[in-house]
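> I'll drop the sequence and a predicted model, then ask my questions.
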Amino acid sequence: MNEIIKMSATTLAEKIKNKELSSVEVTKAFIKRAKETDPKIKAYISITEEYAINQAEESDKKIASGAETGELEGVPIAIKDNILIENIKMTASSKILENYTAPYDATVIEKLKKAGAVFIGKTNLDEFAMGSSTENSAFFTTKNPWNTEHIPGGSSGGSASAVSAMTAPLALGTDTGGSIRQPASCCGIVGLKPTYGRVSRFGAVAFASSLDQIGPMSKTVEDSALLLNVIAGFDKKDSTSINVPVPDYLETIKQDIKGLKIGLPKEYFIDGLDSDVKKSIEKAIEIYKKAGAEFVEISLPHTDYAVAVYYIICCSEASANLARYDGVRYGFRAECDNLLDEYQKSRGQGFGPEVKRRIMLGTYALSAGYYDAYYGKAQKVRTLIKQDFENAFKKVDLILTPSAPTPAFKIGEKSSDPLQMYLSDIFTISCNLAAVPGMSIPCGFSEKGIPIGMQLLARNFDEQTMFKAAYSYQQATEWHKQFPNI
Ligand code: GLN
């Protein structure tokens, strides 16, 4: 196996800058790997080979000429296919956008271009990012590189499996209720959802606007910090972006964690938690104790309501956001003689079953007479969930939980039972409701060899503390040095 594909993005960036490796050589190594393994894994909707090689050649020229280079000069990255790259197809894994070409760059893409990154391909997701397994993609299901009978998680399952299968050193995902952290956990990689407002959402397909965030997916914690350095920052094109200075996340990552207070919410360590998950988390706690962290039991008393609140809010916002796909303005159009039929048939044929379910649930929750009982009530409970976190962060610097209640389940195991599927987000959605940052880092394997992740949650805009705790754990363990055998 070519050594290049095992290297971290940080290492690749250094070697490309020092001219030890060329960007073309690196890009070709990942594309070759993708051509060999992706027919089995199916992480990519499209591999943008020509585009990537052109970008790589540009980076190599820049480096050869001694011109100023970016932080990710020449380094390949896979992009979830709900983020726009100008002139490249963007499907959101939906038939309704199957032939849609992006007319402009998302802000994160603009920033990545400036940093010199090379776009290697667009990755599969659950249609419009609605799901936890990528089984809701209109095109195909992505497989978990550690065991292809299992799901890679979702909705950013394509991005997670691409990084895990070493077909890209980095990827972008989006996270509305766990879609970066849960697939990262399933595939044994690092995934981070930034504080709401930290990274511009401009040019990402809107699912639930008060919850959506774009974030990094990577093999190591340093790579996550490096990528967040590039994509974070205020953007006037996104009215929910917040103008808080962006620190250099790499600068503080190696700091000591002695005395760091970590909370263990009692509501997350419940009976029924998978025993392999429980064991891995307990071992991680021991490692943190050795490094000098202190553990405190805390309570997030409204946790029980989080799944219900999340599904009311995300469906309501989705029903409003997806109204724009009317067969006229974007993508797929069913040809009919009158306008109403055209709307109905375009949407009827263009959207898949999960998307339709959510539009219907959301439309119902927002309708006159039900608004106060559902959407209004959910917003109030959301405030209580937010307050739970504010109170907890008065006592602790970080919160540690499992990322998901079980390791990645088998393909098909939950696809006929939406409620079971919704429950796989139980540990990740409160973070989005409270707007705080969260990340999943690999912390072990189940007896069957499926990766397990743990989640760290931090105060708003305190990704720095999260990074240094994640890094400290990573340095004490070997999980990030293991690769699936495919
Ligand atoms: N699995 C969750 C859902 O189905 C979260 C999705 C996401 O974060 N995009 O809504």
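Structure's in. What do you need?

> residues from the protein in reach of the ligand?
Proximity of the chain to the ligand is confined to 129-132, 155, 175-179, 207, 314, 425 under the rule CB under 6 Å from any ligand atom. Where you see a C-beta, it was placed from the backbone N, CA and C, and this is true even at glycine.

> Try it again at 5 Å.
129-132, 155, 175-179, 425 (CB under 5 Å from any ligand atom).

> Residue 305 - how many residues pack around it?
Neighbours of residue 305 under the rule other CB atoms under 10 Å: 17.

> which residues touch it?
Residue 305 makes contacts with 381, 384-385, as judged by CB atoms under 8 Å, 6 or more residues apart in numbering.

> neighbour-wise, which of those residues leads?
residue 385 (21 neighbours).

> Check which residues of the one helix or strand it maps to are buried.
Assigned by DSSP states H and E, residue 385 belongs to helix 377-395. Neighbour-count burial for helix 377-395, counted by 16 or more other CB atoms under 10 Å, picks out 377-378, 381-382, 385-386, 388-389, 392-393.

> same deal with stretch 88-108?
In stretch 88-108, counting by 16+ other CB under 10 Å, buried: 88-98, 100, 102, 105-108.

> First-to-last residue distance for it?
15 Å (CA to CA, to the nearest Å).

> How about stretch 189-209?
Span of stretch 189-209 from end to end, CA to CA: 26 Å.

> re earlier: lowest pLDDT pick from the residues of the chain next to the ligand?
In terms of pLDDT, the lowest of these is residue 425, showing 89.

> Provide a list of residues in contact with the residue positioned nearest the centre of the chain.
Residue closest to the average C-alpha location in the chain (CA atoms, centre = their mean): residue 180, at 2.1 Å. Counting by CB under 8 Å, 6+ apart, residue 180 makes contact with 156, 159, 173-174, 191-193, 215, 217, 440.

> do residue 270 as well
No contacts exist for residue 270 under CB under 8 Å, 6+ apart.

> any chance you could read off phi and psi for it?
phi -100, psi 160 (degrees, to the nearest 10).

> one step back: of the contacts of residue 305, closest to the ligand?
Comparing those against the ligand with CB to the nearest ligand atom places residue 385 closest, at 15.8 Å.

> So that closest one sits against residue 430, correct?
Yes: with contact defined as CB atoms under 8 Å, residue 385 and residue 430 form a contacting pair (5.7 Å).

> The residue in the stretch 351-486 of the chain that the ligand sits nearest to: neighbouring residues, count only.
Per CB to the nearest ligand atom, residue 425 is where the stretch 351-486 of the chain lies closest to the ligand, at 4.6 Å. Per other CB under 10 Å, the neighbour tally for residue 425 reads 26.

> I'd guess it is in a strand, am I close?
No: Residue 425: not assigned to a strand; according to DSSP: H, G, I helix; E, B strand; the rest coil it is coil.

> ok, now which ones touch it?
132, 177-178, 182, 307, 310.

> Could I get those in TSV, plus columns for distance to residue 285 and secondary structure?
Putting the contacts of residue 425 into TSV (distance: CB to CB, whole Å; DSSP: H, G, I helix; E, B strand; the rest coil) gives the following:
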residue	distance to residue 285	secondary structure
132	26	coil
177	25	coil
178	22	coil
182	21	helix
307	25	helix
310	27	helix
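
> Now tabulate the residues you listed in JSON lines and tack on neighbour count.
Shown next, in JSON lines, are the contacts of residue 425 (neighbours: other CB atoms under 10 Å):
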{"residue": "132", "neighbour count": "29"}
{"residue": "177", "neighbour count": "30"}
{"residue": "178", "neighbour count": "32"}
{"residue": "182", "neighbour count": "33"}
{"residue": "307", "neighbour count": "18"}
{"residue": "310", "neighbour count": "26"}
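
> How about the contacts made by residue 52?
27, 31, 76, 118-121.

> out of the contacts of residue 180, which one sits closest to the ligand?
Using CB to the nearest ligand atom, the contacts of residue 180 come closest to the ligand at residue 174, 6.0 Å.

> I figured that closest one hits residue 80, correct?
Yes: using CB under 8 Å, residue 174 is in contact with residue 80, at 5.9 Å.

> which one of the two has more residues nearby?
Per other CB under 10 Å, whichever of residue 174 and residue 80 has more neighbours is residue 80, with 31 against 27.

> Name whatever forms a beta bridge with that one.
residue 123 (DSSP bridges).

> Now do the helices in the stretch 351-486 of the chain.
353-366, 377-395, 418-423, 429-434, 463-476 (DSSP state H, counting those that start in this stretch).

> now for those, which one comes closest to residue 244?
Residue 244 lies closest to helix 463-476 among these, at 10.8 Å (CB to CB).

> can the contacts of residue 52 go into CSV with extra columns for neighbour count?
Output for the contacts of residue 52, formatted as CSV (neighbours: other CB under 10 Å):
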residue, neighbour count
27, 27
31, 22
76, 29
118, 29
119, 21
120, 30
121, 29
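
> nearest to residue 12, of the residues you listed?
Using CB to CB, the contacts of residue 52 come closest to residue 12 at residue 76, 8.1 Å.

> Which secondary structure state is assigned to the closest residue to residue 321 other than its chain neighbours?
Spatial nearest neighbour of residue 321, chain neighbours left out: residue 206 (4.3 Å); criterion: CB to CB, 6 or more residues apart in numbering. Secondary structure, three-state DSSP: residue 206 is coil.

> Look at residue 206 and say how many residues are nearby.
So residue 206, with other CB under 10 Å, has 18 neighbours.

> Check residue 24 too.
Residue 24: 19 surrounding residues under other CB under 10 Å.

> phi, psi of the residue lying closest to residue 95 once chain neighbours are set aside?
Sequence neighbours aside, residue 138 is the residue nearest to residue 95 in space, at 4.7 Å (criterion: CB to CB, 6+ apart). Here is the backbone geometry of residue 138 (degrees, to the nearest 10): phi -70, psi -10.

> Surely residue 138 and residue 352 touch.
Yes: with contact defined as CB under 8 Å, residue 138 counts as touching residue 352 (5.3 Å).

> rewinding a little: which neighbouring elements make contact with the helix holding residue 385?
strand 261-265, strand 294-298, helix 306-321, helix 429-434 (3 or more CB pairs under 8 Å, 6 or more residues apart in numbering; DSSP states H and E).

> let's see it at 7 Å
In terms of contacts (3 or more CB pairs under 7 Å, 6 or more residues apart in numbering; DSSP states H and E), helix 377-395 is packed against strand 294-298, helix 306-321, helix 429-434.

> what would the ones you listed look like in TSV with mean pLDDT?
Shown next, in TSV, are these (pLDDT from 0 to 100):
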stretch	mean pLDDT
strand 294-298	98
helix 306-321	97
helix 429-434	98
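
> for the stretch 151-300 of the chain, what spans make up the helices?
Using DSSP H, counting those that start in this stretch, helices in the stretch 151-300 of the chain cover 157-164, 181-187, 221-231, 275-290.

> Same list (those helices) but as JSON lines, adding mean pLDDT.
Putting the helices of the stretch 151-300 of the chain into JSON lines (pLDDT from 0 to 100) gives the following:
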{"stretch": "helix 157-164", "mean pLDDT": "98"}
{"stretch": "helix 181-187", "mean pLDDT": "98"}
{"stretch": "helix 221-231", "mean pLDDT": "98"}
{"stretch": "helix 275-290", "mean pLDDT": "97"}
